[in-house]
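Asks: Starting from these lines, generate the structure:
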Amino acid sequence: MKSSFATFAIAFLVLSVGYASATPPCPDGMTEITFDDDLWVVGDGCHHSGRVVDSAVISVEFAGPYDVYVYAIRAACQPQEDYYVSVNGVDGPVSLDDAVACTDSERLDYVGEFPFNSGNNTLYLNTASECPPDETPNSVHTHRICLDYDPPGAPEFPITGLSVLVMAFIPGIAYIARKK
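Replies: Modelled structure (predicted):
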């Protein structure tokens with residue numbers, strides 16, 4: 001009996017550590033912002049807290065459009081954990097709950113492109129769920145987001161050393177072709 005309990009405890013620990021480490025950092029080139037206190041919301045009319053919106057102030061150096069990604073954490077067996085994000089008066093699309101019922105999940109959701117001002121900006125996490133008919137809390141929370149700065153006029157592809165080298169030779173090639 002002792003060995004089966006020990007096996008269960010070790011398996012639980014391994015699964016717990018695996019789940020915690022399964023949350024990768026933001027993709028390359030993106031800025032990660034973590035919150036001291038999680039942002040969280042519940043469905044409208046679904047929980048006694050009534051917390052249907054939460055907010056955080058985010059400061060950025062450069063004004064312009066930013067793609068925003070949320071590490072959304074959803075609990076099991078709450079079928080309407082839908083939410084959306086707003087920044088500076090612009091609402092993003094609704095991020096729908098998981099397709100598989102009764103699963104805990106933490107995933108990176110693209111929640112839209114938003115205009116940020118240089119300095120402080122308020123990001124709102126809003127519920128998109130309501131009760132009834134469902135009576136579960138339908139909670140969503142996050143402890144971090146990723147920002148991808150997309151300055152106006154930037155090329156759609158990254159300019160690499162090879163691209164710069166090729167572009168430097170193009171005028172020379174065009175000049176040689178005109179001389180012939």
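
Asks: which stretches of this structure have low pLDDT?
Replies: Counting by pLDDT under 70, the chain has low-confidence residues at 1-23, 99-103, 154-180.

Asks: if we go to 50?
Replies: For the chain, applying pLDDT under 50 flags the ranges 1-21, 157-180.

Asks: Identify the residues contacting the residue nearest to V60 when sequence neighbours are not counted.
Replies: Closest residue in space to V60, ignoring its immediate chain neighbours: F116 at 5.1 Å, by C-beta to C-beta, 6 or more residues apart in numbering. All C-beta atoms are positioned from the backbone trio N, CA, C, and that covers glycine. Taking C-beta atoms under 8 Å, 6 or more residues apart in numbering, we find F116 in contact with 58, 60, 62-66, 87-88, 147.

Asks: at 10 Å what do you get?
Replies: 58-66, 68, 87-88, 123, 147, 149 (C-beta atoms under 10 Å, 6 or more residues apart in numbering).

Asks: for N121, same thing?
Replies: 56-60, 63, 66, 87-88, 114-115.

Asks: Among those residues, which are located in strands?
Replies: Members of the contacts of N121 lying in strands (criterion: DSSP state E): 56-60, 66, 87, 114-115.

Asks: Any chance of those in CSV with distance to V42 as columns?
Replies: Converted to CSV, the ones in strands among the contacts of N121 look like this (distance: C-beta to C-beta, whole Å):
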residue, distance to V42
A56, 17
V57, 22
I58, 23
S59, 28
V60, 29
Y66, 27
V87, 21
F114, 23
P115, 28
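
Asks: before we move on, the earlier item: can you tell me who the residue nearest to V60 pairs with across the strands?
Replies: Beta-bridge partners for F116, by DSSP bridges, are G64.

Asks: Can you give me the separation between it and L147?
Replies: 8 Å (C-beta to C-beta, to the nearest Å).

Asks: any residues in contact with both of the two?
Replies: With C-beta under 10 Å, 6+ apart as the test, F116 and L147 both reach 58, 60, 66, 68, 123.

Asks: The third one contacts L147, correct?
Replies: Yes - assessed by C-beta atoms under 10 Å, Y66 is found in contact with L147 at 4.8 Å.

Asks: Can you pick out the residue with more neighbours from those two?
Replies: For Y66 versus L147, the count of surrounding residues by other C-beta atoms under 10 Å is larger for Y66: 25 against 19.

Asks: Who are the contact partners of the more buried one?
Replies: With contacts defined as C-beta under 10 Å, 6+ apart, the neighbours of Y66 are 30-31, 58, 60, 87, 112-116, 121, 145-151.

Asks: Kindly report the same for C146.
Replies: Counting by C-beta under 10 Å, 6+ apart, C146 touches 25-27, 29-33, 66-71, 108, 110.
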